[in-house]
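> turn this into a model:
(2 chains, ligands or ions: 2)
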Amino acid sequence: MMAIRELKVCLLGDTGVGKSSIVCRFVQDHFDHNISPTIGASFMTKTVPCGNELHKFLIWDTAGQERFHSLAPMYYRGSAAAVIVYDITKQDSFHTLKKWVKELKEHGPENIVMAIAGNKCDLSDIREVPMKDAKEYAESIGAIVVETSAKNAVNIEELFQGISQQIPPLDPHENSNNGAIKLGRQTSQTGRRCC
Amino acid sequence: MNLCPKGVTEHPADLCRNSCLEFRVPSQSWFSLLLQDVLCVPERRLLEDSRNLPVASGTARSERLLLFDDVLVSSPLSRRCLRSVFPGSVLTPCFPCPQAVWRWKLEQAVRQALNGKRDFPLWGSRGEGSQAPSRRFFTYAFRMEGRLRGATYEGEWLWGKPHGKGTLKWRDGRNHVGDFQEGLEHGFGICLVPRRSEDRYDCYKCHWYRGKMRGYGICEYGNDLVYKGYFKDNVRQGFGILENFSAEHPFKYTGHWENDKKNGYGVWEDKERGERYIGMWLDDHRHGEGIVVTQSGLCYQRTFHADKMVGSGILLLEDDSVYEGNFTEELTFVGKVGISSLFSWNSSWIHLPTSFLPTMENPNPVLFSSQLGLKEFPVEKRWTGIFEQFLEFLHSGCKEEMEESFTGFHIQTSKELRKSQEYLFCQRGSEEISWKIEEILEELVQHQEPESLQSYLEKALGSSLHPLGKLLRALTVAFQATYSGIGANRHLLAMAQEEVKFYSKKIWEFYQGLLRLALERKGRAPAQDADPRSVGSSLVLPLILPGFYPELSMLYMLQHQREDELYCQGIVELSLFPDIQLLEFLDVQKHLWPLKDLTLTSNQRRSLIKDKCFLSATECLQKLITTVDPREKLEILRQTYEELELTVSRLPGAERRLPMDDLLPLLVFVVSRARIQHLGAEIHLIRDLMDPTNQGGMLDFLLTALEVRGIFPRNSVHFLQCLWKTPWKSRNSEQGGVDGRFQVLAPWNSLNGFHGIP
Ligand SMILES: Nc1nc2c(ncn2[C@@H]2O[C@H](COP(=O)(O)OP(=O)(O)OP(=O)(O)O)[C@@H](O)[C@H]2O)c(=O)[nH]1
Ligand SMILES: [Mg+2]
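Residues are numbered from 1 along each chain as shown, chains lettered A, B, ... in the order given. Ligands and ions are numbered 1, 2, ... in the order given. As a prediction, the model looks like this:
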């Protein structure tokens, strides 16, 4: 049996960039044009194989509307990875993304894996954010970056696979020395006793 | 005149010879007298006379030895002879000179006298029952030089030494009742020691080891002090509790001892002053870092030097104001004082170590920020004296006879405590409290599978006989000494919380040690524990939590008091809303309104209906306060969610499952209606103590949703509107000077901004 690892992943980004759509595509392989804005946050899971492990993604999809902004820390705490989404047709959303990165760097969990998703790449004819900008920015902060389309199911799987690969493998020696009480003294004592 | 078997001989060497059968006559004339009068009674039988059968070849006639069935009489001159005849221990067959027949007859006489029955042994018969027992009961006064000089011992002997149960009375009035081994107090004993000046006794009920107190004991001193704890070499050493029950200056010290003095980490409660000192000790003085909490709720942290406070300290008042500087114990300030509020985080002296950043381990920075003692008293150094004894017990191979000396007396309830103290000795050894380590180890081996392990641990931890249960009890005592009563101070929450988690870790370690020993005894290789330690301790944590819950939940309530008060205010205001208005207000999507079955016009509904929607979910959530176990609390949360889902699924046209997106407003609704008073405290307690494997999962998500809602109905509708309806930026700008990080991380910090707004 393969070991299952649970990974908490949170999605952050401006409202309407397609966070919930990405999750919906990833988990249910489904796209809904009339999806309603998220209130508070949403939760879903999906398990995918990664090498000789299974990764169970615990996906915390947050609400992008500003009024829910202050709740975000509760949702991203303890995350192993964050997917920060922008809409390639909206320069503003890329700006918001940078703010999220900054907040995560300052207050997010240490060693959080960051993945940038430029969503709605099916609409590249009305693109406002050049691919190059995103690439450069991602490089500067050490994040992975990919352009996605929830609508056409482009790069969605790849996005999460990329995250899986960034997650450091479990250290096999981590648990070997778990404070076991040694009984060495006991045995030596009984040995002495019989003489 | 029956001289036997209780006749007191005058010389310990005599005793060694035969212990109960000999009587020596002081002078020759006495001897003749005795022979004529005293000894010549009809019941007495003469077994042998040295005139008929010489004891040894060449003994003088005057050295006469008469063996009766109950007494051995020797003439004064025969002393030398006898001594050579019976050297060392009782009738050992190694004496060189006396005749074998004499030796045999004497032995038989002793045996018969001890057995209290006359039989007719055949000469030369050996084996079972034909020899005098080496063990006997006897009273003897020691007159020789040595440790026991002047003392009288009544009890069991073995080979001429007190051995077994007995009573030793000293000339100075000391009285020891208990177990002896090879002439020394060894095992359990009760010792009364008269106090020098008063007509009172110190009473030690303790374990002895080769003549000295060692291990667990209770001492009731004549001056109304009681010590319960560990001894070594006759002095208090290791963990122990000293309590003064007298009316004048009552106190209680719970902590570590060294050479009879308070030393190391300990908690001192001065019941008169209503003060508790938690910190370090040296030679009976407060010395090192220490925290003082008082009845009035204020507390301070200082460095002590031989009982005197030195340097500057931090004083935390009830109203969250903080003073830094030098102040006396009466809290008058000396010199310059800095004043700041806990809510302004730029005060330079509040150190926030980087580990307090919001990571998984420390999810709540605000909780830690005003917390004392974390750095000064690392949790693994706090109650070492308790853990040491239990580990030592394990290392010494869990010997049954040593169990009590390491793990303390078995006491079922505190009510029984006094009783058992009084009757400790009589109760001992009675079958019902006997403890079979073999059985326990056997059970350990049988209950390794997860389900049975859990129920086994539950039983073991609940038992006052099982070493695991005893360990838990000892820890509970230490915990209560620190955090109950005066110690219910919210600045100690982090210490307490960390301590309980640490206990679960140590108990799990102890369990694993026992299991390994059990397997080793069976010759089986210890199981490769595949699961990391965290799994085990998270199994133990919910099992031990009930014991610490009263103090812990009190601390949580105090810590989140302000938050919860504001939240309650908000609830009160929301409770005025009829259901529809509230549903509307909270943005609950119309198709989720469960109003169809209410047979009222929409107008009536609007104005009248309250507490009807989602009633099942509301009632379910209210059960949150009825349980202690964080697992059960989470389960209740899950059930609440299911109730919501069930209600929604019954609505016409709503076949699909309740999407998580719609959850939040519904939960806010349910929480508003459930009116749980200390929701903030509850949430934080669950989060801090829940199984870490839940982190990030569905239950964590629900908990977070609850937490979010915990902050919603805060300071009323006004706040709600702010959060719900107005953009974040404008709220943020209201916060102005407050450090952005804390504003974000701890939304209730924003209550500063909203506090007081009508
Ligand atoms: N063309 C196109 N439209 C998309 C794509 N992804 C999402 N959308 C649309 O964008 C709109 C918003 O999508 P959501 O998934 O609700 O966006 P969100 O980020 O979850 O928004 P919040 O929940 O408010 O934070 C919807 O109308 C979607 O149909 C995409 O890849 N291509
Ligand atoms: Mg969404």
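> please see if the helix ranked longest in chain A touches ligand 1.
Using DSSP state H to define each element, chain A has its longest helix at helix A:91-107. No - figure legend: helix A:91-107 not in contact with ligand 1 (C-beta under 6 Å from any ligand atom); closest approach 9.0 Å. C-beta coordinates here come from the backbone N, C-alpha and C atoms, glycine included.
> OK, contacts around the residue nearest to residue B:201 when sequence neighbours are not counted?
Once flanking residues are discounted, residue B:201 sits nearest to residue B:192: 4.5 Å by C-beta to C-beta, 6 or more residues apart in numbering or on different chains. Residues in contact with residue B:192 (C-beta atoms under 8 Å, 6 or more residues apart in numbering or on different chains) are B:173-176, B:201-204.
> now residue B:192: which helix or strand?
strand B:184-194 (DSSP states H and E).
> and if you look at residue B:498?
Going by DSSP H and E, residue B:498 is in helix B:493-521.
> circling back: got a list of contacts for the longest helix of chain A?
Contacts of helix A:91-107 (C-beta under 8 Å, 6+ apart): A:12-14, A:16-17, A:72-73, A:76, A:82, A:84-87, A:112, A:114, A:116, A:128-129, A:133-134, A:137, A:141, A:143, B:357-358, B:741, B:744-745.
> considering only those residues, which also neighbour ligand 1?
Contacts with ligand 1 within the contacts of helix A:91-107, counted by C-beta under 6 Å from any ligand atom: A:13, A:16-17.
> my guess is residue B:436 contacts residue B:400. True?
Yes - Residue B:436 is within contact range of residue B:400, at 7.1 Å (criterion: C-beta atoms under 8 Å).
> give me the sheet partners of the helix or strand containing residue A:115 and which way each runs.
Element membership for residue A:115 (DSSP H and E) is strand A:113-119. Note on strand A:113-119: by DSSP bridges, its sheet partners are strand A:81-87 (parallel), strand A:144-147 (parallel).
> separation between the nearest residue to residue B:583 once chain neighbours are set aside and ligand 2?
Nearest residue to residue B:583, sequence neighbours excluded (C-beta to C-beta, 6+ apart): residue B:593, at 5.4 Å. Counting by C-beta to the ion, to the nearest Å, the gap from residue B:593 to ligand 2 is 22 Å.
> cool, and residue B:490?
On the measure of C-beta to the ion, residue B:490 and ligand 2 end up 38 Å apart.
> next up, the contacts around that residue.
Residue B:490 touches B:370, B:555, B:558-559, B:561, counting by C-beta under 8 Å, 6+ apart.
> show the buried residues in the residues you listed.
B:370, B:555, B:558-559 (16 or more other C-beta atoms under 10 Å in any protein chain shown).
> identify the farthest-apart pair in those.
Greatest spacing in those, by C-beta to C-beta: B:370 and B:555 (12.4 Å).
> packing partners for the host helix or strand of residue B:456?
Here residue B:456 sits within helix B:450-462, counting by DSSP H and E. Packing partners of helix B:450-462 (3 or more C-beta pairs under 8 Å, 6 or more residues apart in numbering or on different chains; DSSP states H and E): helix B:437-446, helix B:467-483, helix B:533-559.
> now do it against helix B:533-559, angle only.
Counting by axes from the mean of the first three to the mean of the last three C-alpha atoms, to 10 degrees, helix B:450-462 lies at 50 degrees to helix B:533-559.
> number of nearby residues for the closest residue to ligand 2 within the stretch 551-700 of chain B?
As assessed by C-beta to the ion, ligand 2 sits closest to residue B:661 within the stretch 551-700 of chain B, at 6.9 Å. Neighbour count for residue B:661, taken as other C-beta atoms under 10 Å in any protein chain shown: 20.
> tell me the SS of it?
Assigned by DSSP: H, G, I helix; E, B strand; the rest coil, the conformation of residue B:661 is helix.
> what sits against residue 147?
Defaulting to chain A. A:88, A:117-119, A:121, A:131, A:134, A:154-155.
> ah, I was thinking of chain B
residue B:211.
> try residue B:623
Neighbour list for residue B:623: residue B:636 [criterion: C-beta under 8 Å, 6+ apart].
> SS state for it?
Assigned by three-state DSSP, the conformation of residue B:623 is helix.
> report the separation between it and residue B:251.
Distance from residue B:623 to residue B:251, counting by C-beta to C-beta, to the nearest Å: 42 Å.
> low pLDDT regions in chain A?
A:1-2, A:170-195 (pLDDT under 70).
> would you map the helices across it?
A:19-28, A:72-76, A:91-107, A:131-141, A:156-166, A:184-193.
> ligand 2: which of these is closest?
Once the helices of chain A are compared by C-beta to the ion, helix A:19-28 is nearest, at 3.1 Å.
> which residues of chain A lie near ligand 2?
Counting by C-beta under 5 Å from the ion, the residues of chain A close to ligand 2 are A:19-20, A:38.
> those: which ones sit near ligand 1?
Among the residues of chain A next to ligand 2, the ones lying near ligand 1 by C-beta under 6 Å from any ligand atom are A:19-20, A:38.
> can you give me the buried ones in stretch B:478-494?
Residues of stretch B:478-494 classed as buried by neighbour count (16+ other C-beta under 10 Å): B:478-483, B:485-494.
> cool, and stretch B:315-327?
For stretch B:315-327, a neighbour-count test (16+ other C-beta under 10 Å) marks B:315-317, B:322-325, B:327 as buried.
> in helices, which of the residues you listed fall?
If you go by DSSP H, these have nothing in helices.
> out of these, which comes closest to ligand 1?
Closest approach to ligand 1 among the buried residues of stretch B:315-327 (C-beta to the nearest ligand atom): residue B:322, at 40.6 Å.
> what's the pLDDT at the nearest residue to residue B:204 once chain neighbours are set aside?
With C-beta to C-beta, 6+ apart as the measure, residue B:191 is the residue that lies nearest to residue B:204, at 4.4 Å, once sequence neighbours are left out. Turning to residue B:191, the model gives it a pLDDT of 90.
> wait, residue B:191 sits on residue B:176?
Yes - between residue B:191 and residue B:176 there is a contact under C-beta under 8 Å: 4.5 Å.
> now for those two: what residues contact both?
Joint contacts of residue B:191 and residue B:176 (C-beta under 8 Å, 6+ apart) are residue B:185.
> good, wrapping up.
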